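Okay, predicted coordinates and the sequence, questions at the end:
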Amino acid sequence: MIYDLLVYNIGQLILPKYSPKPLKGQEMKVLQVMENAAFAVLDGKIAWYGTDKESKTMSAKHRMDGGHKVVSPGLVDPHTHLVFGGSREHELPMKQAGLSYLEILAKGGGILSTVEATKLATEDELVRKASFHLERMISYGVTTIEAKSGYGLERETELKQLRVIRRLQEKYPAEIVSTFLGPHAVPSCYKGKEDDFIDEMIGLLKEIKQEKLASFADIFCETGVFSLGQSRRYLQKASELGFGLKIHADEIDPLGGAELAVDLGAASADHLVAASDEGINRLSKSDTVAVLLPGTTFYLGKDHYAKARALIDRGAAVAIATDFNPGSCVTENLQMIMSLAALKLKMTAEEIWNAVTINAANAIGKGKEAGTLEIGQQADFVLWDVPNYRYIPYHFGVNHAEYVYIGGRKIWGRQPYG
Ligand SMILES: N=CN[C@@H](CCC(=O)O)C(=O)O
Ligand SMILES: [Zn+2]
């Protein structure tokens, strides 16, 4: 057998457990790490892995020295708002003056200001802008990404965002999972008529399904945005139409979004900073993934983070994500989020790696394809320039990726100095 690529002399090969269901509680504490390892790629897929010693007798068209460093599956970012117009640096002084996220939104800023900029941008402009951010995400080792609409709040701009996501999927080898987040904020003309707006968004779901423009439907269930009842009505309809479900739940106030996610069998409940004890217990007994976004808590300048320890210790499945967006978390760097998960969520290194690989994949319906390095799976992997897997959460704010491969092809590499 002559393989296409053999990667040898790997100090640590990270092999999260293959599981089409998310890893829960104690299972998250286990991470298989093979020391002195090697693996081979054929036709873009993982064809073999074993010890470095075994690899010496094997034949391959290309051989790559792992430099005794760390190799992991490509990371999965399961919550991003990748496509938007403009930026919101002008809101930073308002935040510094003490205005809260919801106060800025109520003044017509926040999400609503990005909605204006997204309406004004052409589809080509949005593709160019999102490409810039997507390439940066890939450079940080992310090979599977969820991307939401939600900066249109009306048919034309929502569909424009979803078409941009489709064009990105055609342009890049990274896997992009598309989510319709039409009910992301209440447009000013619908203030006091939120139910009518929900009806309009429900109307859009059918068209999006027919055009295959999104796999998931999502809603921002929050005080001053959409109520629990409105969220239930929208998500139930989305489920009937065959969408997977996601919910921005209990981010600021404990409205019961976590419980609703479990009731409806959602793939994920995201944020959960204010989730109630009951919400945590319900999630712990379910397969709904708690997608935690510590970068957002950090960027909003809050002291209280989602209760990752309670979730994991009571048996829930936890993933982490950037929540990349122009307002509440402006970073494409999932490695930085891994550090925040260690420092602020008190997650162990093993839990963190499971949270950015197999559990993140399961949060977006990709548990069979992404987040692991099983024989026969697409060879999406990262060579990390670090001495061991614990090093990445420890050394924060920089990019540790040396090479990023998708389907066995190098798509990003660090440029050497000079
Ligand atoms: N919380 C609601 N939506 C986004 C923020 C979007 C924005 O501020 O533009 C989030 O997940 O954090
Ligand atoms: Zn979000």
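Right, received. Where do you want to start? Residues are numbered from 1 along each chain as shown. Ligands and ions are numbered 1, 2, ... in the order given.

Geometric centre of the protein: which residue is closest?
In the chain, the centroid-proximal residue (C-alpha atoms, centre = their mean) is residue 78; its distance is 2.0 Å.

For that residue, list the residues it contacts.
146, 268, 289, 291, 319, 321, 360, 361, 363, 364 (C-beta atoms under 8 Å, 6 or more residues apart in numbering). All C-beta spots, glycine's among them, are computed from the backbone N, C-alpha and C.

Just name the shakiest helix or strand of this protein by mean pLDDT.
In the chain, no helix or strand scores lower on mean pLDDT, DSSP states H and E than helix 101-106, which sits at a mean of 92.

Does ligand 1 have contacts with it?
No. Using C-beta under 6 Å from any ligand atom, helix 101-106 never reaches ligand 1; the gap is at least 7.1 Å.

same deal with stretch 253-270?
No. Remark: stretch 253-270 sits outside contact range of ligand 1, by C-beta under 6 Å from any ligand atom, the gap being at least 6.9 Å.

That stretch spans what distance, first to last residue?
End-to-end span of stretch 253-270 (C-alpha to C-alpha, to the nearest Å): 13 Å.

related to what we said a few turns ago, show me what the helix or strand following the least confident helix or strand of the chain is in contact with.
Reading on from helix 101-106 to the C-terminus, the next helix or strand found by DSSP states H and E is helix 111-120. Helix 111-120 has contacts (C-beta under 8 Å, 6+ apart) with 83-88, 91, 105, 126, 150-153, 157, 160-161, 184-185, 187-188, 325-327.

Buried subset of these, written for ChimeraX?
Here is the ChimeraX selection string for the buried members of the contacts of helix 111-120, based on 16 or more other C-beta atoms under 10 Å:
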select :83,84,85,86,88,91,105,126,150,151,152,153,157,160,161,184,185,187,325,326,327
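
Quick one: name the residues of the protein near ligand 1.
Contact residues (C-beta under 6 Å from any ligand atom) of the chain with ligand 1: 81, 110-111, 114, 220, 248, 251, 296, 323, 325-328.

tell me the secondary structure for the residue in the stretch 251-400 of the chain that ligand 1 sits nearest to?
Relative to ligand 1, the nearest point of the stretch 251-400 of the chain is residue 327 (2.8 Å; C-beta to the nearest ligand atom). Of the three states, residue 327 takes coil according to DSSP: H, G, I helix; E, B strand; the rest coil.

So it sits against residue 89, correct?
No. Using C-beta atoms under 8 Å, residue 327 is not in contact with residue 89, being 10.4 Å away.

Identify the contacts common to those two.
If you check residue 327 and residue 89 against C-beta under 8 Å, 6+ apart, no residue is contacted by both.

what are the ranges of the strands in the stretch 301-418 of the chain?
317-320, 381-384, 401-406, 409-413 (DSSP state E, counting those that start in this stretch).

actually the stretch 1-150 of the chain, sorry about that
For the stretch 1-150 of the chain, the strands defined by DSSP E, counting those that start in this stretch cover 2-15, 32-42, 45-51, 59-65, 70-73, 75-77, 142-148.

partners of the fourth one, with directions?
If I follow you right, that is strand 59-65. strand 2-15 (parallel) (DSSP bridges).

buried sites along the partner strand?
Neighbour counts over strand 2-15 (16+ other C-beta under 10 Å) mark 3-15 as buried.

Can you list the residue ranges for strands in the stretch 151-300 of the chain?
Under DSSP E, counting those that start in this stretch, the stretch 151-300 of the chain gives strands at 175-180, 216-217, 220-221, 244-249, 268-271, 289-292.

Can you list the helices and strands that the second one packs against?
Under the contact criterion of 3 or more C-beta pairs under 8 Å, 6 or more residues apart in numbering; DSSP states H and E, the helices and strands touching strand 216-217 comprise strand 175-180, helix 228-240, strand 244-249.

Which one, of the ones you listed, ends up nearest to residue 27?
Among the helices and strands packed on strand 216-217, strand 244-249 comes nearest to residue 27, with 22.0 Å by C-beta to C-beta.

Which strand residues bridge residue 384?
Applying DSSP bridges, one finds that residue 384 bridges with residue 70, residue 401.

thought it was touching residue 68?
No. Using C-beta under 8 Å, residue 384 is not in contact with residue 68; the gap is 11.7 Å.

okay, the two: which has more neighbours?
More crowded of residue 384 and residue 68, by other C-beta atoms under 10 Å: residue 384, with 25 against 13.

residues contacting residue 267?
216, 244, 245, 246, 288, 289, 362, 363, 364, 365.

Format those residues as TSV; extra columns: pLDDT and neighbour count.
What follows is the contacts of residue 267, written out as TSV (pLDDT from 0 to 100; neighbours: other C-beta atoms under 10 Å):
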residue	pLDDT	neighbour count
216	99	22
244	98	20
245	99	23
246	99	31
288	98	27
289	99	31
362	98	26
363	99	34
364	98	31
365	98	18
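
Next, work out how far apart residue 164 and residue 131 are.
Distance of residue 164 to residue 131, computed by C-beta to C-beta, to the nearest Å: 9 Å.

Name the residues of stretch 16-23 that come out as buried.
Under the neighbour-count criterion of 16+ other C-beta under 10 Å, stretch 16-23 has 16, 17, 19, 22, 23 buried.

Most neighbours among the contacts of residue 78, which one?
That'd be residue 363 among the contacts of residue 78, by other C-beta under 10 Å, with 34 neighbours.

Please look at residue 339 and residue 398 and confirm they touch.
No. With contacts counted by C-beta under 8 Å, residue 339 stays clear of residue 398, the gap being 9.9 Å.

Show the contacting residues for the residue of the stretch 251-400 of the chain closest to ligand 1.
If you count contacts by C-beta under 8 Å, 6+ apart, residue 327 has them with 88, 91, 101, 110, 111, 114.

Show the pLDDT at residue 251.
For residue 251, the pLDDT comes out at 97.

Next up, the contacts around it.
When contacts are counted by C-beta under 8 Å, 6+ apart, residue 251 is found next to 222, 271, 272, 273, 274, 296.

For residue 343, see how far away it is.
20 Å.

again, but for residue 72
On the measure of C-beta to C-beta, residue 72 and residue 343 end up 20 Å apart.

Residue of the stretch 1-150 of the chain nearest ligand 1, please.
residue 111 (4.5 Å).

one step back: so which of the helices and strands packed on strand 216-217 is the most surrounded?
Mean neighbour count, computed with mean count of other C-beta atoms under 10 Å, is highest for strand 244-249 among the helices and strands packed on strand 216-217, reaching a mean of 28.

Direction included, what does that strand pair against?
The sheet places strand 244-249 alongside strand 216-217 (parallel), strand 220-221 (parallel), strand 268-271 (parallel), with pairing taken from DSSP bridges.
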